[in-house]
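> The following comprises the amino acid sequence and a computationally predicted model.
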Amino acid sequence: MRSSRQRLTLPWNGLGALPFLLFALLFLLLPTANIVAGAFVDGSGGFTLQNIANLFTPEILKAFGLSVKLSLTSALIGCALGFAVALAVVLGGLPTWLRGIVMTFSGVTSNFAGVPLAFAYVATLGRVGFVTLLLRDWFGVNIYALGFNMISFWGLTAAYVFFQIPLMVLIITPAIDGLRREWREAAEALGATGGQYWRMVALPVLGPSLLGTLALLFANAFGAVATAIALTGSLLSIAPILLFNQIRGDVLQDPHLGYALAFGMIVITGISNGVYVVMRSRAERWIK
Amino acid sequence: MKRFLAWATIGLAVVYFFLPLLGMLEFSLKMRRGAYSLDAYRSVIGDPQFQATFGYSVLMACLTIIFGVLVVVPTVFWVRLKLPRLRPVMEFITLLTLVIPPIVIVFGYIRLFNTSSWLPLTGSTFGTDILLICGYAVLSLPYMYRAVDTGLAAIDLATLTEAAQSLGAGWITVLARVILPNVLVAVLSGAFLTFAIVIGEYVFAALLDRPAFGPYLVWAGGNKAYEPAALAVITFALTWACMLLIQLATKFSQHTRSPR
C-alpha cells in the first residue's frame, strides 16, 4: 500500500497545479507568445526583422518617445510627492488614526484610474470645470487664456499623477517602516546630524526601494490606455493609443506592424519591471 | 517643525486629491440651471443602457471572482502543501501579468482565438464572454494570488489537512470546509479588489466588443455633459465601498481571532 502510494506521488502532485498552469498558458503565455512571434514573421510566414525596422518611422518613434516621457515624468512626480506623503505619515509625528485613513484612501485612489478619473479631471479643470471657474471668478485667472490645455503632455501628466502618488504611498510606506530606530540612534551617537543620517544611512537603505517603485510606476503609466482615451479621444499619439487604434483597424495598413508595436511595449515594460524586481531583492537585504 | 512640515504635506495632498473629487461632485449636481439637483443621477439611472451595461459588468465581475477563486485557492494550497518548488514559477507568472500591458494581452486573444483558429472563442457571444472573464481573471491574478498566498501563509496547512484527512475528509471537503473558511478574509479582500478593477475596465471590453460599463462610460463621456461626472461619482463610491468592505473583513477576522 505504502509503496504504491509513494510511486504515485510524483505525477499526482504535478497534476494539482495543472489547471492553473493551463489557464496561465492559454490566457497569458500563448497570447503573448503569439504577439511576440508575430513581430518577427512576415506576410508569408518567414522570419524577418523588417517589422521591427518598420517601427523606426518618425510617427511611431514620436509616439513611443511621448509615452516614455509621459510615464517617466508622471512616475518621477508621483514618486517624489508620494514619498513626501509617506514620510509625513510614518515619521512626521502625526496622530496614528491618520495613517489608516491615508492608506485606505490610497487604496481607493490608486484603483480610481481609467475613464472615471478622466471625467473627474474634466469636471475640475475643463473649460467649465470647478477649479477653472474658481480661479476665474475668485482670482481673475483664466488658465485657458494662459495656454493651459488638458489634451497635452502636461495635462495628461497631471491626470496620471493622481493615481501614481497613492500607488507610491502604498508601496513605499512599508519600506520607511523598515528604517530601524537603532540606525538613527547609532548615527546620532557617532555625531551625525539629521541631514547626514538621511544622506549616508536612510537614503542609501531606501534607495533600491525608491528606484524599484519608480520603475513600477513607470510601467504602470506606460500600459495605461483608458484614461488617455477618455481624456483625449485617442487624439494624443502615445504608444498604447497607437496600438489601440491599430487593433481597431483604423490606421497603419500593415497588421505585422501591430505585433511589432505590442512587442516594443512589452520590451519597455519588461525592462522597467526587471529593474523593479532586482531593486526589490536588494531592498529586502535590509528588511530582516 | 517636523510636525508642521508633515501636516503641511498632508494638507497639500488633501487639496490636490479632494479638488478633483469635489469638482466631479459639484459638476454632477449642476444639470439643472441655477440650482443644485440630482437630475444627472436621475438621468443616468433611468438610462436603460446604463442599467444593461452596469448589470453586465457586475455579472462579469462576479463570475471573474468565482472563476479566480476556483483557480487560485486550490492551486496556491496545493503548491504550498506539496509543490513548494513550483512557487517561483507561480511568482513569475503572477509578475508577468503586471509586465505585459493589458492591451497586448487582449491583442493576443483576438489573434489567438479568432474565428479561424483551433479555439474560436471570439466567434460567438458566449465564447467572447468566457474570454472576457478569463482576461479579467488574468488582470486580477496578482491581487488574488498575493491575498490568498498571504492568507495561507498564516495557517498551518499540513496539520489542518492531515487532521481533516484523518477524520475522513476528501480533498474537496478539505478545501471547501477547512481551508476556505480559514482564508475567507484573504479571499474576500482579493474579491473586492477584483470587483473594483473589473467594474469600470475599458480596454478588454472595448476591444472584445462587449457591452460593458467601461465602453458605456467612454460613450457617455463623448455624448453627454453632466452625466459623466455623475457616473464618475458612482464609480468612485463603488471603489470606496469595495475598499471599506476589505477593511471591514480584516477587522472582523481580527475580532474572531483575538480570544484565542
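Nice, I can see it. Numbering: from 1, shown residues only, chains lettered A, B, ... in the order given.
> which stretches of the chain have low pLDDT?
No chain in the question, so chain A it is. Low-confidence segments of chain A (pLDDT under 70): A:1-12, A:250-253, A:286-288.
> look at chain B instead
In chain B (pLDDT under 70), the answer is B:253-260.
> who's in contact with residue B:148?
For residue B:148, the contacting residues are B:72, B:73, B:76, B:183, B:186, B:187, B:190, by Cβ atoms under 8 Å, 6 or more residues apart in numbering or on different chains. Backbone N, C-alpha and C define where each C-beta goes, glycine included.
> Looking at these, which are in strands?
Among those, no residue falls in strands (DSSP state E).
> Of those residues, which are in range of chain A?
Among those, the residues within reach of chain A (Cβ under 8 Å from any Cβ of the partner chain) are residue B:72.
> so how far is residue B:127 from residue A:267?
31 Å (Cβ to Cβ, to the nearest Å).
> Name the residues of the stretch 151-288 of chain A found near chain B, please.
Residues of the stretch 151-288 of chain A lying near chain B (Cβ under 8 Å from any Cβ): A:162, A:165, A:219, A:222-223, A:225-226, A:229-230, A:233, A:240, A:243-244, A:247-248, A:258, A:262, A:265-266, A:269-270, A:273, A:277.
> Could you pull up the residues touching residue A:218?
Residues near residue A:218 by Cβ under 8 Å, 6+ apart: A:71, A:72, A:75, A:272.
> pull the longest helix from chain B.
In chain B, assigned by DSSP state H, the helix with the most residues is helix B:48-81.
> What is the burial count for residue A:197?
Using other Cβ atoms under 10 Å in any protein chain shown, residue A:197 is surrounded by 19 other residues.
> Does it touch residue A:185 like I think?
No. Applying Cβ atoms under 8 Å, one finds residue A:197 not in contact with residue A:185, separated by 9.8 Å.
> Starting from chain A, give me the distance back to the closest residue to residue B:144 other than its chain neighbours.
Sequence neighbours aside, residue B:190 is the residue nearest to residue B:144 in space, at 4.0 Å (criterion: Cβ to Cβ, 6 or more residues apart in numbering or on different chains). Between residue B:190 and chain A the computed distance is 13 Å (Cβ to the nearest Cβ, to the nearest Å).
> Remind me what the helix or strand encompassing residue A:230 packs against, helices and strands.
Residue A:230 belongs to helix A:226-232 when assigned by DSSP states H and E. If you count contacts as 3 or more Cβ pairs under 8 Å, 6 or more residues apart in numbering or on different chains; DSSP states H and E, helix A:226-232 packs onto helix A:114-125, helix A:153-177, helix A:239-248, helix B:213-223.
> how about the CA coordinates for it, as CSV?
Provided in CSV are the C-alpha atoms of helix A:226-232 (Å, rounded to 0.1, in the frame of the first residue of the first chain):
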residue,chain,number,x,y,z
ALA,A,226,-8.3,54.2,-20.7
THR,A,227,-7.5,57.5,-19.0
ALA,A,228,-5.8,58.8,-22.1
ILE,A,229,-8.6,57.7,-24.5
ALA,A,230,-11.4,59.1,-22.3
LEU,A,231,-9.5,62.4,-21.9
THR,A,232,-8.2,62.9,-25.4
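> ok, back up a step: any idea which of the contacts of residue B:148 is the one closest to chain A?
Closest approach between the contacts of residue B:148 and chain A, by Cβ to the nearest Cβ: residue B:72, at 7.4 Å.
> Could I get the contacting residues of residue B:63?
residue B:133.
> what's the answer for residue B:179, then?
Taking Cβ under 8 Å, 6+ apart as the criterion, residue B:179 is in contact with B:73, B:77, B:152, B:157, B:160, B:161.
> buried subset of those?
Buried subset of the contacts of residue B:179 (neighbour count, 16 or more other Cβ atoms under 10 Å in any protein chain shown): B:73, B:77, B:152, B:157, B:161.
> what's around residue 41, how many residues?
I went with chain A, as the question did not name one. The burial count assigned to residue A:41 is 15, neighbours taken as other Cβ under 10 Å.
> actually chain B
19.
> cool, and residue A:53?
By other Cβ under 10 Å, 10 other residues sit near residue A:53.
> And the residue nearest the centre of the chain?
With no chain named, the answer covers chain A. With distances taken as Cα atoms, centre = their mean, residue A:220 lies nearest the centre of chain A, 1.8 Å away.
> my bad, the chain I had in mind was chain B
The centre of chain B sits closest to residue B:194, judged by Cα atoms, centre = their mean, with a distance of 1.3 Å.
> Contact partners for the residue lying closest to that residue once chain neighbours are set aside?
In this structure, residue B:194 finds its nearest non-sequential neighbour in residue B:140, 4.0 Å apart by Cβ to Cβ, 6+ apart. Residue B:140 makes contacts with B:64, B:68, B:190, B:193, B:194, B:197, B:198, as judged by Cβ under 8 Å, 6+ apart.
> Distance-wise, check residue B:20 relative to chain A.
Between residue B:20 and chain A the computed distance is 4 Å (Cβ to the nearest Cβ).
> tell me which element that residue falls in.
In the assignment (DSSP H and E), residue B:20 maps to helix B:2-28.
> For that helix, enumerate the helices and strands it packs against.
So helix B:2-28, by 3+ Cβ pairs under 8 Å, 6+ apart, packs with helix A:58-91, helix A:96-111, helix A:114-125, helix A:130-139, helix A:153-177, helix B:227-257.
> Show me which residues of that helix are buried.
By neighbour count with 16+ other Cβ under 10 Å, helix B:2-28 contains the buried residues B:6, B:9-10, B:13, B:17, B:19-28.
> And those residues, which is closest to residue B:219?
If you rank those by distance to residue B:219 using Cβ to Cβ, residue B:28 comes first, at 17.4 Å.
> of all of the stretch 101-250 of chain B, which residue lies closest to chain A?
Going by Cβ to the nearest Cβ, chain A is nearest to residue B:108 of the stretch 101-250 of chain B, at 2.5 Å.
> State the helix or strand in which that residue lies.
Counting by DSSP H and E, the element that carries residue B:108 is helix B:102-112.
> hey, C-alpha coordinates of that helix in PDB?
The C-alpha coordinates for helix B:102-112 follow below in PDB (Å, rounded to 0.1, in the frame of the first residue of the first chain):
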ATOM      1  CA  PRO B 102      -3.400  44.600 -20.800                       C
ATOM      2  CA  ILE B 103      -3.800  45.900 -24.300                       C
ATOM      3  CA  VAL B 104      -1.100  43.500 -25.500                       C
ATOM      4  CA  ILE B 105      -2.900  40.500 -23.800                       C
ATOM      5  CA  VAL B 106      -6.200  41.300 -25.400                       C
ATOM      6  CA  PHE B 107      -4.500  41.800 -28.800                       C
ATOM      7  CA  GLY B 108      -3.100  38.300 -28.300                       C
ATOM      8  CA  TYR B 109      -6.600  37.000 -27.500                       C
ATOM      9  CA  ILE B 110      -8.000  38.500 -30.700                       C
ATOM     10  CA  ARG B 111      -5.300  36.900 -32.800                       C
ATOM     11  CA  LEU B 112      -5.100  33.500 -31.000                       C
END
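> what angle separates the next helix or strand after that helix from helix A:96-111?
On the C-terminal side of helix B:102-112, the nearest following helix or strand under DSSP H and E is helix B:125-153. Angle, helix B:125-153 to helix A:96-111, by axes from the mean of the first three to the mean of the last three Cα atoms, to 10 degrees: 150 degrees.
> Which residue is the nearest non-sequential neighbour of residue B:143?
In space, and not counting its chain neighbours, residue B:143 is closest to residue B:193: 4.6 Å by Cβ to Cβ, 6+ apart.
> what sits against the one you found?
Residue B:193 sits in contact with A:111, B:140, B:143, B:144, B:147, B:242, B:246, where contact means Cβ under 8 Å, 6+ apart.
> and if you look at residue A:36?
By Cβ under 8 Å, 6+ apart, residue A:36 lies in contact with A:259, A:263, A:266.
> And residue A:87, by the same measure?
Applying Cβ under 8 Å, 6+ apart to residue A:87 gives the contacts A:176, B:6, B:9.
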